[in-house]
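1. no sequence on this one, just coordinates:
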């Protein structure tokens, strides 16, 4: 079976029109598909409304108990369920999941020597319940996953959505009957050569060029882990990995995107 | 197939120890089972924290857009996912659902002449996707439903959890291969003859006695719609309906509960 694994990022989710277009494009994808979404600024908005402000230690965001509750409410609650309701209205039989649902993604608490990240869960290829995902797909149900996982002993944990998308794609690729394509959708046409010029996207990027662009600071911040996840998937059996606008990525034969190659 | 449909109420959810005991008792139920939960005071707490206060018109609570967002976050997000994670840790293969997930429960906007209730969804026996629930049960997955539904055209709606429990039980009862028992779990031993005496629970209540107790104000407030839902289920094919403490109701041969009869 051919499976499309699609990640939609925070900036697409926060904008009503962009979310609508992304979900419509997702529905047009023929065949089996899985959607993974992050949460972006919505969690910060709710957090601030409730009088909680992100805790930072050494420049890193810490997921304390209040923050965990807020990301669970936001990602698994309001964002996931609104996406599912919208997909259902477009006649896509979506079903929302966090990692605890059906033991879909089991993670382990991140442990570092110097920093306590709080309720953050890391995953590996064994974390993904491919049996459940394939079972839903075979029964014409489209899984919609948010970036909340569980540790199997009753705790929910916060996990990076790009990482979840990559590991789902990798895990499904390792099944002998699966061929997987992975799409990272965001609000740009692809990886830009020049951040000031939205048309300067690369048609292709290989690992060597990624290293070079990282070194000369053309690729920075959140794009670094996103591309690291994307290359990890490509190096581990995922057939095709591309990055760009959802309307370009998911609609047939559109070449305006960045495709990764080894 | 024999199916246990279990509703756990708000006061059980808000107390850590009571929730633990309820979920443990639920796990001990042998065979196919479905859990439905409300939200109770958690939504009010979050609402107040965010600076929103319940809107009342003619003494009735109105679900405006802010309230809807909060109940979705609370019921489908934090409460549902924490229950699922806990059940998974007790080796019950739970999967959380709102009505939009897999088109599980489709509702219609409540329309009244004089009052606009806002985003409130009513349901009927055709609302419940029994195919999905039976399909999950047959595959050893335990559905955990919160009281959020959808209208099929992209909107989430707030629906009473007791009503959802009754309609799920009734709908499953109408399937020719299903025999359904319905349990309303709350923090009392059953329907009390005397509200001041927690030991004064009735062992049985029939519809005639219910009407009488309603008339003389022994049964009041939220207990009235709860019992109306419970009798509706009993009148529509559900084999057995009982009300009481989860630890008493769900553990074998315990007689400390109120059983409904026609």
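-> Received, thanks. The structure displayed is predicted, hence computed values, not measured ones.
2. Please make it C-alpha for all contacts and neighbour counts, starting now.
-> Noted.
3. Could you identify the helix or strand that succeeds the one helix or strand residue A:131 maps to?
-> Residue A:131 belongs to helix A:130-138 when assigned by DSSP states H and E. The element immediately downstream of helix A:130-138 (helix or strand, assigned by DSSP H and E) is strand A:142-146.
4. ok and the residue in the stretch 1-150 of chain A nearest chain B?
-> residue A:77 (3.7 Å; CA to the nearest CA).
5. Helix, strand or coil: sort out the nearest residue to that residue once chain neighbours are set aside for me.
-> Excluding the flanking residues, the one nearest residue A:77 by CA to CA, 6 or more residues apart in numbering or on different chains is residue B:77, at 3.7 Å. Recorded secondary structure, residue B:77: helix (DSSP: H, G, I helix; E, B strand; the rest coil).
6. Is there a neighbour count for residue B:77? I'd like the number.
-> 29 (other CA atoms under 10 Å in any protein chain shown).
7. Please list all residues in contact with it.
-> A:72, A:73, A:74, A:75, A:76, A:77, A:78 (CA atoms under 8 Å, 6 or more residues apart in numbering or on different chains).
8. Check residue A:204 too.
-> Taking CA under 8 Å, 6+ apart as the test, what residue A:204 contacts is A:258, A:259, A:260, A:261.
9. Over to residue A:182?
-> Residue A:182 neighbours (CA under 8 Å, 6+ apart): A:4, A:5, A:6, A:7, A:165, A:166, A:169, A:238, A:239, A:240, A:241, A:242.
10. now the helix holding residue A:131 and helix B:130-138, what's the angle there?
-> Between helix A:130-138 and helix B:130-138, the angle comes out at 160 degrees (axes from the mean of the first three to the mean of the last three CA atoms, to 10 degrees).
11. still on that earlier bit, what separation do you get for the residue of the stretch 1-150 of chain A closest to chain B and residue A:28?
-> Distance of residue A:77 to residue A:28, given as CA to CA, to the nearest Å: 25 Å.
12. Helices of the stretch 151-262 of chain A, residue ranges please.
-> A:161-173, A:207-215, A:223-235, A:246-250 (DSSP state H, counting those that start in this stretch).
13. Any chance of those in CSV with distance to residue B:126, mean neighbour count and mean pLDDT as columns?
-> Below are the helices of the stretch 151-262 of chain A laid out as CSV (distance: least, CA to CA, whole Å; neighbours: other CA atoms under 10 Å in any protein chain shown; pLDDT from 0 to 100):
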stretch, distance to residue B:126, mean neighbour count, mean pLDDT
helix A:161-173, 35, 26, 97
helix A:207-215, 54, 14, 96
helix A:223-235, 44, 18, 95
helix A:246-250, 35, 24, 89
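14. Select, out of those helices, the one closest to chain B.
-> With CA to the nearest CA as the measure, helix A:161-173 is the member of the helices of the stretch 151-262 of chain A nearest chain B (16.9 Å).
15. Give me the contacts around that closest one.
-> Residues contacting helix A:161-173 (CA under 8 Å, 6+ apart): A:5-7, A:36-38, A:123-126, A:128, A:130, A:146-147, A:178-182, A:184, A:226, A:229-230, A:232-233, A:236-238.
16. how far off strand A:142-146 does that helix point, in degrees?
-> Using the same axes, to 10 degrees: helix A:161-173 against strand A:142-146 is 140 degrees.
17. Quick one: work out the angle between helix A:161-173 and helix A:223-235.
-> Going by the same axes, to 10 degrees, helix A:161-173 makes 0 degrees with helix A:223-235.
18. thinking residue A:151 is in contact with residue A:157, fair?
-> Yes: Residue A:151 is within contact range of residue A:157, at 7.1 Å (criterion: CA atoms under 8 Å).
19. More neighbours: which of these two?
-> residue A:157 (27 against 23).
20. The more buried one and residue A:90, how far apart?
-> According to CA to CA, residue A:157 stands 31 Å off from residue A:90.
21. before we move on, what about residue A:217?
-> Counting by CA to CA, the separation of residue A:217 from residue A:90 is 41 Å.
22. ok, back up a step: among the contacts of residue A:182, who's most crowded?
-> Going by other CA under 10 Å, residue A:169 tops the contacts of residue A:182 with 33 neighbours.
23. From residue A:182, how far off is that residue?
-> 6 Å.
24. Quick one: name the residues of the stretch 51-200 of chain A near chain B.
-> For the stretch 51-200 of chain A, the residues in contact with chain B (CA under 8 Å from any CA of the partner chain) are A:51, A:69, A:72-78, A:81-82, A:84-89, A:93-98, A:100-103, A:141, A:150, A:152-156.
25. Between residue A:151 and residue A:157, which contacts overlap?
-> Joint contacts of residue A:151 and residue A:157 (CA under 8 Å, 6+ apart) are A:107, A:109, A:121.
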